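Trainee: Quick one: sequence plus predicted model below, questions after.
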Amino acid sequence: MITIKSPHQIEKMKRAGGIVFETLELLRELVKPGVSTEWLNREADAFIRSKGATPSFLNYNGYPKSICVSVNEQVVHGIPGSRIILDGDIVSVDVGAYFEGFHADAARTFLAGNVAEEVKRLVEVTRECFFEGIKFAKAGYRISDIGKAVQQHAESNGYSVVRELVGHGIGTEMHEEPEVPNFYDRHRGSGAKIAAGMVLAIEPMINLGGKEVTLLPDGWTVATRDKKPSAHYENTIAVTDGEPLLLTWEERGPGG
Ligand code: MF3
Ligand code: CO
């Protein structure tokens, strides 16, 4: 069942979203060569709690940490640990916060030190894919129109779209219906009609090489099979009668 949120509920979700946004802005400052992924996790966890929220991911289906940190060929769900970020790494951080009954979820891929031009471009295009997708997050379109737009932008730039993981509805639960694929598959149908009051996490995961991924032995980390880099960009958005409302994003100059 797809839940429709009232304007009041969307207002509350915006507060959860603001905490996620601020956590990502903190992480943007903290991600640099020499820091450990566990330190990033600790700083983010403390920040989320300082705002009176709780990290949505901790203990979710047994997930052991408060954020996900996925480096280079890791696509998503990297578990923070002793790994040290190196010069030239790309670092995807995924943050969820639960505040006054609602979740918000967003991700960014940050550059650590000097990143190869080719990889920087992947990160930029992944961000663009999100903004192409939300052009269709409006009443009257179908969920599949979002994925079509994301896929079109990624593939026309020579990249591939991960199929195993998708965006999702979000609200009182972190993962709600509908699924929001970043690709179009006629066998999976054209998807639900989009309506005002739907809140969606739209999250393109785009690979420099092939689309195939593999699950690492830790049981969580998803990585590309060809070990080429992958980028992730996600925001929680609310569908309105007009333009979609971005709950985990604010205009703060380039890179937002
Ligand atoms: N943002 C992630 C997603 O939508 C949530 C991470 S799930 C966790 O899949 F289990 F890793 F916490
Ligand atoms: Co998500």
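Mentor: Thanks, I have it. Numbers count the residues shown, from 1 in each chain. Ligands and ions are numbered 1, 2, ... in the order given.

Trainee: residue contacts, the closest residue to ligand 2 within the stretch 151-256 of the chain?
Mentor: Proximity of the stretch 151-256 of the chain to ligand 2 (CB to the ion) peaks at Ala201, 4.0 Å away. Heads up, the C-betas are built off the backbone N, CA and C, glycines and all. Taking CB atoms under 8 Å, 6 or more residues apart in numbering as the definition of contact, the neighbours of Ala201 are Asp105, Ala106, Gly167, His168, Gly169, Ile170, Val180, Glu234, Asn235, Thr236, Ile237.

Trainee: Next step: those residues restricted to strands.
Mentor: When these are checked against strands using DSSP state E, the ones located there are Asp105, Ala106, Gly167, His168, Gly169, Val180, Asn235, Thr236, Ile237.

Trainee: picking that back up, would you check which pair of the contacts of Ala201 lies furthest apart?
Mentor: Greatest spatial distance in the contacts of Ala201: Ala106 and Gly169, 14.8 Å, computed using CB to CB.

Trainee: neighbour-wise, which of the two wins?
Mentor: Neighbour comparison, Ala106 and Gly169: the larger count goes to Ala106, with 26 against 23 (by other CB atoms under 10 Å).

Trainee: Just give the closest residue to the more buried one, not the sequence neighbours.
Mentor: For Ala106, the nearest residue in space outside its immediate sequence neighbours is Thr248; the separation is 3.7 Å by CB to CB, 6 or more residues apart in numbering.

Trainee: how about low-confidence regions in the protein?
Mentor: Regions of the chain meeting the criterion pLDDT under 70 cover residues 252-256.

Trainee: What's the separation between the spatially most distant residue from the centre of it and ligand 1?
Mentor: Within the chain, His187 marks the point farthest from the mean C-alpha position, 24.9 Å out by CA atoms, centre = their mean. Applying CB to the nearest ligand atom, to the nearest Å, one obtains 23 Å for the distance of His187 from ligand 1.

Trainee: That residue in helix, strand or coil?
Mentor: Counting by DSSP: H, G, I helix; E, B strand; the rest coil, the backbone at His187 sits in helix.

Trainee: Any idea how many residues pack against the residue in the stretch 1-150 of the chain that ligand 2 sits nearest to?
Mentor: Taking CB to the ion as the measure, the stretch 1-150 of the chain has Asp105 as its residue closest to ligand 2, at 4.2 Å. When counting by other CB under 10 Å, one arrives at 25 neighbours for Asp105.

Trainee: hey, C-alpha coordinates of the helix of greatest length in the chain in CSV?
Mentor: In the chain, ranked by residue count with DSSP state H as the criterion, the top helix is helix 7-30. Backbone C-alpha positions of helix 7-30 (Å, rounded to 0.1, in the frame of the first residue of the first chain) are rendered in CSV as follows:
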residue,chain,number,x,y,z
PRO,A,7,0.8,18.6,4.5
HIS,A,8,1.3,18.4,8.3
GLN,A,9,3.0,15.0,8.0
ILE,A,10,5.2,16.3,5.2
GLU,A,11,6.2,19.3,7.4
LYS,A,12,7.3,16.8,10.0
MET,A,13,9.2,14.8,7.5
LYS,A,14,11.0,18.0,6.4
ARG,A,15,12.4,18.3,10.0
ALA,A,16,13.8,14.7,9.8
GLY,A,17,15.1,15.7,6.3
GLY,A,18,16.8,18.8,7.7
ILE,A,19,18.7,16.7,10.2
VAL,A,20,19.8,14.3,7.4
PHE,A,21,20.8,17.2,5.2
GLU,A,22,22.9,18.8,8.0
THR,A,23,24.5,15.4,8.8
LEU,A,24,25.5,15.2,5.1
GLU,A,25,26.9,18.7,5.2
LEU,A,26,29.0,17.7,8.3
LEU,A,27,30.2,14.6,6.5
ARG,A,28,31.1,16.7,3.4
GLU,A,29,33.6,18.6,5.6
LEU,A,30,34.9,15.4,7.4
